[in-house]
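Enquirer: heads up, no residue letters with this:
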Ligand code: SDX
């Protein structure tokens, strides 16, 4: 007997089906609500509203659980590569060795970006924020790939996936090269995806880039940890834009813009800027904790708190451990790491943070590793976007394959009633 929910309005009762997910999450299906009652629901920030069913990522905010296609994030971060996880998220299963090799080969076929794109990036000032340039370049890819993807055609959809994975990585690094006045690099098809990222970023015409397995392994793990996170702000944006049947590049470009915000992916840059400010203020973490608690102060402890996790963000735990390992192996002694640990310890003991279940999130420690790898602070959110790309693609693909309707929320109007048109004197 399936469960139902009863709603009573003005003495009249209405019954709605309750659906249950594979991890026993329950949702009241209200798709007949307005027809039956004339009323809608309202839920600013969608804190209690589900936009879809999805088989890609499961997270339990109370228990601090995160799984991609059923695999625990701890296992994937420890045992898989970023391209394996990308394949898993997008196609639903871990690839065999042959499938993974084919996937990497097929991505390599699309890593050349049309030379005319250089004219577009040249139009930006060096001071432009890399996320703004990345959003623009991603959308501009549509100009060179005008045919929209026929999602019913498996081969076409697969090619669009490989094209997006290949070109996005290259143009993401171009945003840095542009800011430095360096020539734009090309992907080297003899090297791996993550190794190419570091080459594309740092190789100069004057000398080849010497890659390090420590750096590549650390980045691979960080990209995996950022790869998907169910219906977060940027992923919901990608799904919403894609629901109008806008193309994949256009939808990903919208996701980049949503991720840029400091309350979302932009937090990793804001965390480093906050920690550096604390460092310059003599490491006075207590002063900044007090600011974060002061309702009259707009300052928030960046990298802390989460809409869903009311326990430790499992990714933050893994990244914190990796930060110690990577900085130790690279022999980097960064006082910012000690400040982060001191701030975390103090916050976790503080009543304000405990009462609100505010814990470190994925953005709290990631920037410390990026900095140790020589990634500039304003590129941190671009790093997040590179990691999140397979998740965006997977969610867009699922939304289109499920033939989801165009997203169009309702509202409650609170403006002026009907009034006669009279020009003000
Ligand atoms: C990401 O959704 C995802 O999955 C996102 C993400 C992903 O992988 O896609 O996990 C990535 O975006 C991580 C979050 C990165 N953002 C930050 O680190 C910015 C700092 N954090 C916050 O701004 C905040 O915690 C949010 C935006 C992350 C969540 O905000 P919510 O869920 O809307 O919670 P809220 O703003 O209603 O806060 C509840 C209370 C408020 O206090 P009261 O009004 O109850 O007194 O907690 C307080 C807030 O003032 N609060 C904080 C705080 N975060 C929440 N107070 C101080 N510092 C903070 N960081």
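Expert: Nice, thanks for sending it over. Nothing here was measured: the structure is a model prediction, and the numbers come from that model.
Enquirer: Disregarding residues adjacent in the polypeptide, which is nearest to residue 165?
Expert: residue 107 (4.9 Å; C-beta to C-beta, 6 or more residues apart in numbering). Every residue, glycine included, has its C-beta placed from N, CA and C.
Enquirer: mind checking how far the closest residue to residue 180 other than its chain neighbours is from the ligand?
Expert: Closest residue to residue 180 apart from its sequence neighbours, by C-beta to C-beta, 6+ apart: residue 126 at 7.8 Å. For residue 126, the distance to the ligand (C-beta to the nearest ligand atom, to the nearest Å) stands at 28 Å.
Enquirer: per-residue pLDDT, residue 126?
Expert: pLDDT, residue 126: 95.
Enquirer: and it, which of the three is it?
Expert: Three-state assignment for residue 126 (DSSP: H, G, I helix; E, B strand; the rest coil): coil.
Enquirer: Where does this protein get nearest to the ligand, residue-wise?
Expert: Nearest residue of the chain to the ligand, counting by C-beta to the nearest ligand atom: residue 305, 2.3 Å away.
Enquirer: so what's that residue up against?
Expert: By C-beta atoms under 8 Å, 6 or more residues apart in numbering, residue 305 lies in contact with 356, 358-359, 361.
Enquirer: Give me the buried positions along the strand or helix carrying residue 347.
Expert: Assessed by DSSP states H and E, residue 347 sits inside helix 335-349. Buried residues in helix 335-349, counting neighbours by 16 or more other C-beta atoms under 10 Å, are found at 336-337, 339-341, 343-344, 347.
Enquirer: That helix and the ligand in contact?
Expert: No: judged by C-beta under 6 Å from any ligand atom, helix 335-349 and the ligand are separated, with a smallest distance of 8.5 Å.
Enquirer: just stretch 74-94 next, same as before
Expert: No: judged by C-beta under 6 Å from any ligand atom, stretch 74-94 makes no contact with the ligand; its nearest approach is 13.1 Å.
Enquirer: I'd like the contacts of residue 305 as a markdown table, with secondary structure, distance to the ligand and pLDDT appended.
Expert: Formatted as a markdown table, those follow (DSSP: H, G, I helix; E, B strand; the rest coil; distance: C-beta to the nearest ligand atom, whole Å; pLDDT from 0 to 100):
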| residue | secondary structure | distance to the ligand | pLDDT |
| --- | --- | --- | --- |
| 356 | coil | 4 | 95 |
| 358 | coil | 5 | 95 |
| 359 | coil | 10 | 93 |
| 361 | coil | 4 | 93 |
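Enquirer: how many neighbours does the nearest residue to residue 140 once chain neighbours are set aside have?
Expert: Using C-beta to C-beta, 6+ apart and skipping the chain neighbours, the partner closest in space to residue 140 is residue 120 (5.1 Å). Applying other C-beta atoms under 10 Å, we find 18 residues neighbouring residue 120.
Enquirer: Contact partners for residue 120?
Expert: 136-137, 140 are the contacts of residue 120 under C-beta under 8 Å, 6+ apart.
Enquirer: now with 10 Å?
Expert: 114, 133, 136-137, 139-141, 143, 171, 174 (C-beta atoms under 10 Å, 6 or more residues apart in numbering).
Enquirer: Do I have it right that residue 190 meets residue 108?
Expert: Yes: between residue 190 and residue 108 there is a contact under C-beta atoms under 10 Å: 9.3 Å.
Enquirer: Quick one: list the elements packing against the helix of greatest length in the chain.
Expert: What stands out as the longest helix in the chain, according to DSSP state H, is helix 154-180. Here helix 154-180 touches helix 82-91, helix 97-108, helix 117-122, helix 130-144, helix 193-202, helix 248-260, helix 380-401, going by 3 or more C-beta pairs under 10 Å, 6 or more residues apart in numbering; DSSP states H and E.
Enquirer: hmm, the fourth one in reach of the ligand?
Expert: No: using C-beta under 6 Å from any ligand atom, we find that helix 130-144 stays clear of the ligand, coming within 13.8 Å at best.
Enquirer: What residues of that helix count as buried?
Expert: 130-131, 133-142.
Enquirer: and that helix with helix 248-260, angle?
Expert: 170 degrees (axes from the mean of the first three to the mean of the last three C-alpha atoms, to 10 degrees).
Enquirer: What residues does this structure have near the ligand?
Expert: Taking C-beta under 6 Å from any ligand atom as the contact definition, the chain meets the ligand at 45, 229, 232, 263-265, 267, 292, 300-308, 356, 358, 361-363.
Enquirer: Recalculate using a threshold of 5 Å.
Expert: Counting by C-beta under 5 Å from any ligand atom, the chain comes close to the ligand at 229, 232, 263-264, 267, 292, 300-305, 307, 356, 361, 363.
Enquirer: Of those residues, grab the buried ones for ChimeraX.
Expert: Buried subset of the residues of the chain next to the ligand, written as a ChimeraX selection, criterion 16+ other C-beta under 10 Å:
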select :229,232,264,267,292,300,301,302,303,304,305,361,363
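Enquirer: List the buried residues for stretch 31-45?
Expert: Buried, per 16+ other C-beta under 10 Å, within stretch 31-45: 33, 37.
Enquirer: Tell me how far that stretch lies from the chain's centre.
Expert: Chain-centre distance of stretch 31-45: 29 Å, with C-alpha atoms, centre = their mean, to the nearest Å.
Enquirer: That one: end-to-end distance?
Expert: Stretch 31-45 has an end-to-end distance of 19 Å (C-alpha to C-alpha, to the nearest Å).
Enquirer: thinking again about what came up before, wait, the residue nearest to residue 180 sits on residue 378?
Expert: No: counting by C-beta under 10 Å, residue 126 does not reach residue 378; the two are 11.5 Å apart.
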